[in-house]
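Asks: no sequence on this one, just coordinates:
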């Protein structure tokens, strides 16, 4: 298992759209990261942060079963999200949780936290490349 800070190298997004600043948790079905924005974020920015945080889910057994490489690239297919409480802050923690997959199609939920308060939540769906195939 790589060092949590080394996991940041997995992100293809770079500043100013690389919102993840540190990885706090990278487990089989749960990941958590700190995210920072240059201005008060929109719901779309928080959704992108949720998608970025999902990269740190290990999903080892699910990826093996779907013939997906451990560090597979993916294509975001769908995002749905909602504000629960708007915030003008610029730093948050985002938690992603595995929901399900069908072959290389993965669904992940995310929650955006301002301290203990959930300010936004949603789901992202992505198709990951399988061994020997590009997207």
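Replies: The structure has been received and is ready for your questions. Bear in mind that the values here come from a model prediction, so they are computed numbers and not experimental data.

Asks: which SSE is the closest residue to residue 56 other than its chain neighbours in?
Replies: Among residues not flanking residue 56 along the chain, residue 31 sits closest, at 3.7 Å (C-beta to C-beta, 6 or more residues apart in numbering). C-beta here means a position set from N, CA and C on the backbone, and glycine is covered the same way. Under the assignment given by DSSP states H and E, the secondary-structure element containing residue 31 is strand 30-36.

Asks: Okay, now the sheet partners of that strand, with direction.
Replies: Partner strands and pairing direction for strand 30-36 (DSSP bridges) are strand 20-26 (antiparallel), strand 91-102 (antiparallel).

Asks: Among those, which comes closest to residue 116?
Replies: strand 91-102 (10.1 Å; C-beta to C-beta).

Asks: Centre of the chain to the closest one, how far?
Replies: If you compare the mean C-alpha spot of strand 91-102 with that of the full chain, they lie 6 Å apart, counting by C-alpha atoms, centre = their mean, to the nearest Å.

Asks: pLDDT averaged over the helix or strand following that strand - what is it?
Replies: Scanning the chain past strand 91-102 towards its C-terminal end, the next helix or strand to appear is strand 105-114 (assignment: DSSP H and E). Mean pLDDT, computed over strand 105-114, is 98.

Asks: Just want the angle from strand 105-114 to strand 30-36.
Replies: With axes from the mean of the first three to the mean of the last three C-alpha atoms, to 10 degrees applied, the angle from strand 105-114 to strand 30-36 works out at 50 degrees.
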